[in-house]
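J.: Sequence first, predicted coordinates after that:
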Amino acid sequence: MTKYVNAVIGDETGDASLPILEGTLGPQAVDIQSLYGRHGILAYDPGYRSTASCKSAITFVDGDAGILAYRGYPIEQLAEKSRFLEVAYLLMFGELPSAAEGTAFRDSVCQHNLLHEQVISFYRGFRRDAHPMAVMVGVVGALSAFYHDDMDIRDPQQRINAAIRLVAKMPTIAAASYTYSTGRPQRYPRNEYDYAGNFMQMLFGMPNRDFVVDPVQVRAMDRILILHADHEQNASTSTVRMAASSGANPFACIAAGIASLWGPAHGGANEEVVKMLLEIGTPENIPKAIARAKDKSDPFRLMGFGHRVYKNFDPRARVIQESAREVLAHLGLENDPLMAVALELEEIALRDEYFIERKLYPNVDFYSGILLRAMGIPTKMFTAVFAVARTAGWVSQWLELHNDSTHGIDRPRQLYVGSGLRDYPETRG
Ligand code: ACO
């Protein structure tokens, strides 16, 4: 049982003060690094609700105001004006690229987007019905065997090379996990397309006919990639950072991130949203779903609603809803039944006291599934698309961690609640 005491901390001089750190934006942080050393007491924060695990200059989220910015640029502006590779460069290097830097970056990505032919043979070891995220965890982890011995992660240039390799290869890896599951031949990357267009040709192209680019869908895919590219210290990013803090191989770190992203409370949610909307089927079944979501004895949650950080509209949800409308109209699917259920569900939930009180708003996943489905991406591939996008953020956070010489290995402590010390019974000896 938990004992509650009013803790009074202070050293022998009576000094209990701890420094307050000030960021550029967002809340201040109490620096508790010396807490245990000086006072012999730990901070308890399971789930890290009040913990800044690192200093970072990459992404800013203000959950109350509904703001998301990469390197200071609001996500809405990037989604409208930028392209994914430019955003990836911005995340990795801190500034928008000049024309020459942008071209050089694109050339490097194009140079590294092929997979070693031996890697392709790994796919055949998986069952055809394997989940693409399971395949991606395996294949990305396996890449560490190809780029390990000759890699020195203490060398900044080698770190950048590894980061570019990961951004370059991830669409090829994800697309191959899809084509393998359908029995179609794996497609090679084609450098005449941009990043999103190339990803789509690898997903949908056939060897017996030319791939026809649909600029509306390619733009929508590019936006999806931009919106999902980074989101500060979420579960998968923290996983990447924690794995990286031990000096692990970057491909192994990103494989760990993919594993964490897969969970339904994180990147797996858009898959769950579509399943939920299909299950609801028609608007008249919405009240039943809302009642179930509010019933504490029922594990059902309204998927695509709520967020650990956003206690206001997720800014990405607005952009993605607009993109979904555009693509549905372009494809003549204005009356998509899933979209009709989603819009009404959102409207009803946003008027419901339960959701208002708990500040549960639609998150990015609420509409992304509808959009991806309209574009012909199978539900099982949704989180794999997210992983392609988030690789840009993961490698940027990985680079930042390695550039910070003050950050040692991550090693949280615990509040031990197990048995007290006891002797091994004599009778068992
Ligand atoms: N449906 C119904 N009730 C909910 C939901 C939901 N989607 N989300 C939270 N709640 C309720 C909880 O039951 C809890 O109620 P209580 O105070 O009466 O006990 C309260 O709201 C707070 O919920 P927490 O679980 O403490 O919120 P937390 O910040 O830990 O969880 C999370 C955030 C995991 C995203 C949660 O809202 C959820 O499960 N949502 C559905 C899954 C989802 O959409 N995930 C995608 C997140 S975005 C991303 O990863 C890209």
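T.: That came through fine.
J.: burial of F300, as a residue count?
T.: By other C-beta atoms under 10 Å, 13 other residues sit near F300. Quick note: C-beta positions are derived from backbone N, CA and C, even for glycine.
J.: cool, and I9?
T.: Using other C-beta under 10 Å, I9 has 13 neighbouring residues.
J.: before we move on, what about T379?
T.: 16.
J.: contacting residues for it?
T.: By C-beta atoms under 8 Å, 6 or more residues apart in numbering, the contact set of T379 is 271, 274-275, 369, 373.
J.: now swap in C54 and tell me
T.: 233, 241, 401, 404, 407.
J.: Show only the entries of the contacts of T379 found in helices.
T.: Using DSSP state H, the members of the contacts of T379 that fall in helices are 271, 274-275, 369, 373.
J.: Which elements pack onto the lengthiest helix in the chain?
T.: Identified as the longest helix of the chain according to DSSP H is helix 156-182. Where contact means 3 or more C-beta pairs under 8 Å, 6 or more residues apart in numbering; DSSP states H and E, helix 156-182 is packed against helix 84-93, helix 99-111, helix 117-123, helix 132-146, helix 195-204, helix 250-261, helix 382-403.
J.: Distance from the chain centre to it, please.
T.: 15 Å (C-alpha atoms, centre = their mean, to the nearest Å).
J.: Could you check the pLDDT of the residue of the chain found nearest the ligand?
T.: Closest to the ligand within the chain is G306: 2.4 Å, counting by C-beta to the nearest ligand atom. Here the pLDDT value assigned to G306 is 92.
J.: how about JSON lines for the ones in helices among the contacts of T379, with neighbour count, distance to the ligand and pLDDT added?
T.: Converted to JSON lines, the ones in helices among the contacts of T379 look like this (neighbours: other C-beta atoms under 10 Å; distance: C-beta to the nearest ligand atom, whole Å; pLDDT from 0 to 100):
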{"residue": "E271", "neighbour count": "26", "distance to the ligand": "11", "pLDDT": "87"}
{"residue": "V274", "neighbour count": "21", "distance to the ligand": "12", "pLDDT": "93"}
{"residue": "K275", "neighbour count": "14", "distance to the ligand": "12", "pLDDT": "93"}
{"residue": "G369", "neighbour count": "28", "distance to the ligand": "10", "pLDDT": "91"}
{"residue": "R373", "neighbour count": "22", "distance to the ligand": "16", "pLDDT": "94"}
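J.: Take the residues you listed and lay them out in TSV including distance to L333.
T.: Below are the ones in helices among the contacts of T379 laid out as TSV (distance: C-beta to C-beta, whole Å):
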residue	distance to L333
E271	20
V274	14
K275	19
G369	14
R373	10
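J.: circling back: quick check: of the contacts of C54, which has the highest neighbour count?
T.: Highest count within the contacts of C54 by other C-beta under 10 Å belongs to R241, 23 neighbours.
J.: Who are the packing partners of the helix or strand hosting that one?
T.: Per DSSP states H and E: R241 is located in helix 235-245. Other helices and strands packing on helix 235-245, by 3+ C-beta pairs under 8 Å, 6+ apart, are helix 250-261, helix 382-403.
J.: Any part of the first one near the ligand?
T.: No - in terms of C-beta under 6 Å from any ligand atom, no part of helix 250-261 sits within range of the ligand; the closest distance is 8.1 Å.
J.: by contact count, what packs against that helix?
T.: Using 3+ C-beta pairs under 8 Å, 6+ apart: helix 250-261 touches helix 132-146, helix 156-182, helix 235-245, helix 382-403.
J.: Comparing those helices, which comes out most buried?
T.: Among the helices and strands packed on helix 250-261, the stretch with the highest mean neighbour count (mean count of other C-beta atoms under 10 Å) is helix 382-403, at a mean of 25.
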